[in-house]
Each structure stands twice: as structure tokens, then as C-alpha cells.
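Asker: the amino acid sequence is not available; the structure is as follows:
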């Protein structure tokens, strides 16, 4: 039971850290640069794919029910915000990071770093088209696909590389300590 409680505390912590990361931001274009992604990839490394995902489902769920924890507020109408596609990707990011680091090494910098990069690219594959659709179709903003790609992806590359490097380093240091304290979903606990 202690491991399950430990896991619940860490899941809640990463939900809260993602919310805090939303408010540490640089407003640029339709989507601000924030620290959310750092905490999300780190959740995948440290909590694993399923519990990391749960932390993000909780984050997105809380925001959609009206808790103002997204970069520009909260509420169900946020689905019409250009940055909501990235939030959908946030749910997948820890799954990808967690599965890849489990397969290729959760205590080595390079596998963690590369897993984070792959997950971030998947997030952009969801976020950029969603941003274009909302800006172009819903908000009637005359924006080209190239400009959407620039403002929704290219400007984030340097910061996201730094976040992935930091997550790789912290994951390498912290993952071995947490490896035996977080149970796998469905694992039977010792009495």
C-alpha cells in the first residue's frame, strides 16, 4: 500500500508541476513558450508511461472543468484555443517517453533525451495542425501553413532541446532511485 500512496503523491505532484509550468511562460505568437513540457517529459521518465499519462489527464481534466491552470485560463471553451492541440499531445507525451525509456534505458542520458525528443515531435504533430485549424477555420485568421509551422514549432526548438537535455540529466539521476518505488499498473502489492 505504501508504494501506491507514493505513486499517488507523485502523480499529484506532476499534475501540479505542469500547472505551475503553465505560468512560467514567455508570450510569443498564438502559443506561449512555457515550462510545462519539461515537467511532462520528466513525468514520463520518472512515473512511467501510464502514471505519467494519468498526471496529464488530471491536468487537462482540471483545466477543462474550469480550474484556470492552462496558459490562458481554463474551462471547456478552451478547446477552441489554438494551443489546445498541444494539451491533447501532453497526454501522449509521457506514454511515449515512458515506453521508450523502459525499452532503451531509463538510467542513461542518451536514451532518455532521445525519447523526450520523439515525444515532443509527436506533440507538435498534434499541436501544429490543431493550431492551424483553430486559427484558420474557427477564428478566421488569415495565416499560412508556413507561418503556423514557424510560430507553432520552429520558435520552440531551442527551448525544447534544453528542456529535453535537462529532463535527460534529471532522469538519469532520479530514475534509479524511483525505479523500485513506483508499481506498474495492475501489479500486485506485497502485503
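Answerer: Arrived safely. Bear in mind the structure is a predicted one, so any value in this text is a computation, not a measurement.
Asker: got a list of what the residue nearest the centre of the chain touches?
Answerer: Taking Cα atoms, centre = their mean, the centroid of the chain lies closest to residue 40, which sits 3.3 Å from it. Neighbour list for residue 40: 14, 18, 52, 56, 90, 93, 94 [criterion: Cβ atoms under 8 Å, 6 or more residues apart in numbering]. (Each C-beta comes from the backbone N, C-alpha and C, glycine too.)
Asker: same thing but at 7 Å, please
Answerer: 18, 56, 90, 93, 94 (Cβ atoms under 7 Å, 6 or more residues apart in numbering).
Asker: pretty sure residue 165 sits against residue 114.
Answerer: No - distance between residue 165 and residue 114: 11.2 Å, which falls outside the contact criterion (Cβ atoms under 7 Å).
Asker: so for the residue lying closest to residue 169 once chain neighbours are set aside, what's the pLDDT?
Answerer: Leaving aside its sequence neighbours, residue 169 sits nearest to residue 109 (Cβ to Cβ, 6 or more residues apart in numbering; 6.3 Å). Taken from the predicted model, the pLDDT recorded for residue 109 is 93.
Asker: residue 109 and residue 167: what is the separation?
Answerer: For residue 109, the distance to residue 167 under the criterion Cβ to Cβ, to the nearest Å works out to 10 Å.
Asker: give me the more crowded residue out of these two.
Answerer: Between residue 109 and residue 167, counted using other Cβ atoms under 10 Å, the more crowded position is residue 167 (28 against 16).
Asker: contacts only, for the more buried one.
Answerer: With the criterion set at Cβ under 7 Å, 6+ apart, residue 167 makes contact with 38, 41, 42, 45, 112, 116.
Asker: what do you get if the cut-off is 10 Å, keeping everything else the same?
Answerer: For residue 167, the contacting residues are 37-46, 97, 109, 112-113, 115-116, 119-120, taking Cβ atoms under 10 Å, 6 or more residues apart in numbering as the criterion.
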